[in-house]
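Undergrad: how would this look folded up:
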Amino acid sequence: MEAIFAQSARSWVRQQSDAFGVVVVGNQAPRVQLPERVRFVEVDFPPPSSHRGPQTGTAAVLKDKGSKLAVGLLAARQQHPDLTHVMFVDADDFVSRRLAGFVADRSGEPGWTVTHGWRYHAGRRAVRPVRGDFHLHCGSSHIVRHDLYPSVDLPLTASQDELYSAFGERLERWFGSHVHIHDDLPLVPLPFPGALYRVGTEEAHSGASMGGLGRPVSRAVAEEFGVERTGVAPWSFARAVLPSAAAFTGRIGNLLPALSRGGERAAPAPGAPTDEAGR
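TA: Okay, the predicted model is just below:
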């Protein structure tokens, strides 16, 4: 997970504008070296679930993620007096290097939703466009003017109970979840694909996959998001485009029962005539 996080962090700081900062919140400082302009804030929250693994359940995610992102907002406000907008980004996702410059030129706007983006599978070096509803799949989807979030005066050492008391239902609805805020706030679609949603890793809570066919990672996408370009060898191209062996096997497994049911013939009713020629 730390190696995945380090790859993402290097993407975040590749912005074409210097008008940005990055705050990382976690229960334990990462052992990888953080890039410049990245500040780590350590919290002491209890484990979100007794289950040791990425799939901990929705309730655990809403509480744990919501609390950490709330602390991130407090830290950003304290560290950057000239703060205008905030974007919450999951530790395994990548963002467009155009974001900071785009926002800096529009500091008074309420904010934007990443409705168009990419799914990205690092193992296959493949991408797949997601158009129109990217924000319903990926948590790295909203850029919000910070004063639209509640004004809260708490230290970075605040407990989860204190955070819940201060932020109320918004702690889970806006911070823990990413599916409501576009409808709750006056956000407009970002006019370009703003984020790259990493899938196909065992460490991801969503467990999402590429979902079939992919596209090679072009030079333009690799440069914009800081990921590796697909190799030029034929097998590299085929690996990016074609579904994985697991996906292919799963589809065949789902198809066989349907074919079997389609091949079954209803038994004739007692006394009904049979038409061998029709069969």
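
Undergrad: residues contacting the spatially closest residue to Ser141 that is not a sequence neighbour?
TA: Once flanking residues are discounted, Ser141 sits nearest to His135: 3.7 Å by CB to CB, 6 or more residues apart in numbering. Quick note: C-beta positions are derived from backbone N, CA and C, even for glycine. By CB atoms under 8 Å, 6 or more residues apart in numbering, His135 lies in contact with Thr113, Val114, Thr115, Ser141, His142, His178, Val179, His182.

Undergrad: Now do the phi/psi pair for His135.
TA: phi -70, psi -20 (degrees, to the nearest 10).

Undergrad: pLDDT score for Pro186?
TA: For Pro186, the pLDDT comes out at 97.

Undergrad: residues near it, how many?
TA: Using other CB atoms under 10 Å, Pro186 has 11 neighbouring residues.

Undergrad: pretty sure it is touching Glu109, no?
TA: No: counting by CB atoms under 8 Å, Pro186 does not reach Glu109; the two are 9.3 Å apart.

Undergrad: and the gap between the residue nearest to Ser141 and His116?
TA: Relative to His116, His135 is positioned 9 Å away (CB to CB, to the nearest Å).

Undergrad: One more: Val61?
TA: Where His116 is concerned, Val61 sits at a distance of 25 Å (CB to CB).

Undergrad: Then Leu62?
TA: Leu62 sits 26 Å away from His116, going by CB to CB.

Undergrad: Likewise for Ser96?
TA: Distance from Ser96 to His116, by CB to CB: 11 Å.

Undergrad: cool, Gly176 as well?
TA: From Gly176 over to His116 (counting by CB to CB), the distance is 24 Å.

Undergrad: swap in Gly194?
TA: In terms of CB to CB, Gly194 sits 8 Å off from His116.

Undergrad: When the two are compared, which one has more neighbours?
TA: Neighbour totals were compared for Gly194 and His116, and Gly194 leads with 28 against 19 (other CB under 10 Å).

Undergrad: With adjacent residues omitted, what lies nearest to the more buried one?
TA: Gly194 sits nearest to Val114 (CB to CB, 6+ apart), 4.0 Å away.

Undergrad: How about the backbone phi and psi for the one you found?
TA: Torsion angles, degrees, to the nearest 10, at Val114: phi -80, psi 90.

Undergrad: Surely it and Phe192 touch.
TA: No: at 9.1 Å, Val114 does not count as touching Phe192 under the criterion of CB under 8 Å.
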